[in-house]
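Participant: Sequence and predicted structure, then a few things I'm wondering about:
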Amino acid sequence: MNIDTSTIFSMIFSNIFNIVKEVWFLLPILVIVWFFRTPRGKGIFGELIVNSRIKNSLDNNEYHLIKDVTLQSQGGTTQIDHIVLSKYGLFVIETKNMSGWIFGDEKQKYWTQVIYKKKNKFQNPLHQNYKHIKTLQELLNVNEDTIHSVIVFIGDSKFKTQMPPNVLQGDYINYIKSFTEPIFSDTYISNLKNKIENNRLKRGFKTNREHVKNVQKIVKSKST
């Protein structure tokens, strides 16, 4: 029996259509899974975990969370994952969703991630968070010792070198709670919160895109 080419293609496309019709509901799930395996998706997922734990583990009458804050800074913009305001000070939190072994110390410019003998360099998150803190300090006109840097690693990672006490994995809530000396009044905290909200750039794709461009420009200028 002879079957012409057009009939064969018609049969193939018909079968493909039937398969897609049967599993179309899986496509959004596959897209979501794919996205959260990308670097950007991993970052967002890590931030969501930290946001959720802060809201559920800290008294929202004493601790006030502001998330995903982009501020103008010298030479461009800076993007802060989480700011927690309290009478015990301000906590600026940088989140890293990473796996593998993590090597680094406080003074190194770059830290190292090792996965099955493959090494990846990434910026020292303490240095990264220092820029966030300086920008926030200048905006709010507060002493630097009232702002606490907190680095939180989310994911299947393991520290292979001694880390400073503010570089944490599962116990960052207890670290925040370890500060018990009141330094700000409720009114002052409210004023700081309003100042941050009034000066932050509008959240959204455009702001994120411009921030990425600024970062790429800075990285390029340092490499030339």
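Facilitator: Noted; the coordinates are in hand.
Participant: Can you pull the domain assignment for the protein?
Facilitator: 1-35, 43-223 (automatic domain parsing).
Participant: pLDDT below threshold where in the chain?
Facilitator: 1-46, 203-224 (pLDDT under 70).
Participant: mind listing the helices for it?
Facilitator: Using DSSP state H, the helices found in the chain span residues 5-23, 27-35, 39-57, 125-140, 172-177, 186-199, 205-223.
Participant: circling back to that earlier point, point out the most buried one among the domains of the chain.
Facilitator: domain 43-223 (a mean of 15; mean count of other C-beta atoms under 10 Å). All C-beta spots, glycine's among them, are computed from the backbone N, C-alpha and C.
Participant: what residues are up against Ile183?
Facilitator: Going by C-beta atoms under 8 Å, 6 or more residues apart in numbering, Ile183 touches 87-89, 146.
Participant: right, and the pair among the residues you listed with maximum separation?
Facilitator: Lys87 and Thr146 (10.6 Å; C-beta to C-beta).
Participant: shared neighbours of these two, anything?
Facilitator: 183-184.
Participant: from what I can see Lys87 touches Thr180, true?
Facilitator: No - between Lys87 and Thr180 there is no contact under C-beta atoms under 8 Å: 10.0 Å.
Participant: residues touching Asp81, list them.
Facilitator: 47, 50, 67-68, 93-95.
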